[in-house]
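Peer 1: Structure of the sequence below:
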Amino acid sequence: MHYRNTTVVITGASSGIGLEFARFFAREGARLVLTGRREAVLAQVRREALDHGAASVDLVVGDLARAPVASEVETIAAERDVLVLVNNAGFSHYSAVADAETRPLLDMLAVQAQLPVRLCHAALQRMKREGRGLIINVGSLAGRVAVPGSALYVATKCFIERLSETLALEAAPHGVVVQALTPGYVRTDFHRDVENYRERRRNRGLIRWMDADAVVRCSMRAAERARRRLQSRPGRIPRRRDVVIIPGTANRFLAAISPFVPRTLVYRAAAARPRM
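Peer 2: You can find the predicted model right below:
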């Protein structure tokens, strides 16, 4: 798919995976709509995107957990000719549910579950009419396990994966590709507030850290593969390997063997896991 002058909405575009998606689509000459909470950082992303060939870059600065900001992005998704949507915005809050303040938990639900649903609903209307489009919902392999201290994070990422699989089946007859991008550990500043975080970003056994640009390349290769398959025979049922994308050989191996590991062992490993 050629993305020149295509309107692309990317949430959480100021760093990490969202930033790499912004860079990718900027090089393609797309019209970008980027969201983020850090205005100065997002302004720098805008300058870089324009330098790299983006046709235009509009910014929505603010916390997507706040209703006016979320509604602004939803309106853009509904009223502009958005043919690519990347639901990437997210954060984590390390605390047992019983010990946490209510607000961060509700904010996580708003940003990582409710907002992707709202934006998918808004964007799919035009995509279906156009008979083409791409939605990438960024999840996580963490959504497949129990992680004490991160209950809402893993729950929302599990939700995103199941939502994306269902949307992929619903949208395929209309030529629209929906993808759940489910990376493992990625070198970003997602955990920038965690003590000694940079020292912890090292490979151990089957745990392999990936760079964000490698994750995005894997995602876009899969998206193009899925698009070509739909084009060759409209109405085909999507293949799971084209819907749930797990970047990295080690991550795919872990995902493949996980159903065969007794859940009791998974619980023990999760309970013994050092908190980030």
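Peer 1: So, low pLDDT: which residues of this structure?
Peer 2: 1, 189-207, 273-276 (pLDDT under 70).
Peer 1: most centrally placed residue in it?
Peer 2: Among the residues of the chain, Val138 comes closest to the average C-alpha position under CA atoms, centre = their mean, at 1.7 Å.
Peer 1: Could you give the bridge partners of that one?
Peer 2: Per DSSP bridges, the residues bridged to Val138 are Leu181.
Peer 1: can you pull the contacts of it?
Peer 2: 17-18, 86-88, 90, 160, 181, 183 (CB atoms under 8 Å, 6 or more residues apart in numbering). Bear in mind the C-beta positions are built from the backbone N, C-alpha and C, glycine included.
Peer 1: Quickly find the element holding the residue lying closest to Ala49 once chain neighbours are set aside.
Peer 2: Distance criterion CB to CB, 6 or more residues apart in numbering; nearest residue to Ala49, sequence neighbours excluded, is Ala26 at 3.9 Å. Counting by DSSP states H and E, the element that carries Ala26 is helix 16-27.
Peer 1: Just the angle for the helix or strand just after that helix relative to helix 16-27, thanks.
Peer 2: Where DSSP H and E defines the elements, the next helix or strand beyond helix 16-27 is strand 31-36. Here strand 31-36 points in a direction 160 degrees away from that of helix 16-27 (axes from the mean of the first three to the mean of the last three CA atoms, to 10 degrees).
Peer 1: what separates strand 31-36 from the chain centre, distance-wise?
Peer 2: 14 Å (CA atoms, centre = their mean, to the nearest Å).
Peer 1: Got phi/psi on the nearest residue to Gly131 once chain neighbours are set aside?
Peer 2: Leaving out its chain neighbours, the residue that sits closest to Gly131 by CB to CB, 6+ apart is Gly175, at 4.4 Å. Here is the backbone geometry of Gly175 (degrees, to the nearest 10): phi 80, psi 10.
Peer 1: right, and Gly175 touches Leu134 too?
Peer 2: No: shown here, Gly175 and Leu134 do not form a contact pair, counting by CB atoms under 8 Å, at 10.3 Å.
Peer 1: of the two, who's got more company?
Peer 2: Set Gly175 next to Leu134 and count neighbours by other CB atoms under 10 Å: Leu134 wins out with 25 against 17.
Peer 1: tell me which residues in stretch 232-247 are buried?
Peer 2: Judged by neighbour count (16 or more other CB atoms under 10 Å), stretch 232-247 contains these buried residues: 238, 242-247.
Peer 1: quick one on the thing from earlier: hmm, Ser56 and the residue nearest to Ala49 touching each other?
Peer 2: No: applying CB under 8 Å as the test, Ala26 and Ser56 come out as separate, 10.3 Å apart.
Peer 1: So for those two, which residues contact both of them?
Peer 2: Joint contacts of Ala26 and Ser56 (CB under 8 Å, 6+ apart) are Leu32.
Peer 1: the more surrounded of the two?
Peer 2: Ala26 (24 against 13).
Peer 1: which ones are touching that one?
Peer 2: Ala26 touches 32, 48-50, 52-54, 57, counting by CB under 8 Å, 6+ apart.
Peer 1: mind running it again at 6 Å?
Peer 2: 49, 52-54 (CB atoms under 6 Å, 6 or more residues apart in numbering).
Peer 1: Please pick the buried ones from these.
Peer 2: Judged by 16+ other CB under 10 Å, buried ones among those: 49, 54.
Peer 1: How many residues are close by Phe25?
Peer 2: 29.
Peer 1: buried set for stretch 144-160?
Peer 2: Buried, per 16+ other CB under 10 Å, within stretch 144-160: 144-145, 147, 149-160.
Peer 1: what ranges do the strands span in the stretch 151-276 of the chain?
Peer 2: Remark: strands assigned in the stretch 151-276 of the chain by DSSP state E, counting those that start in this stretch are 176-181, 186-187, 210-211, 244-245.
Peer 1: Out of those, which is closest to Val111?
Peer 2: For the strands of the stretch 151-276 of the chain, distance to Val111 was read as CB to CB. The smallest value, 16.5 Å, belongs to strand 176-181.
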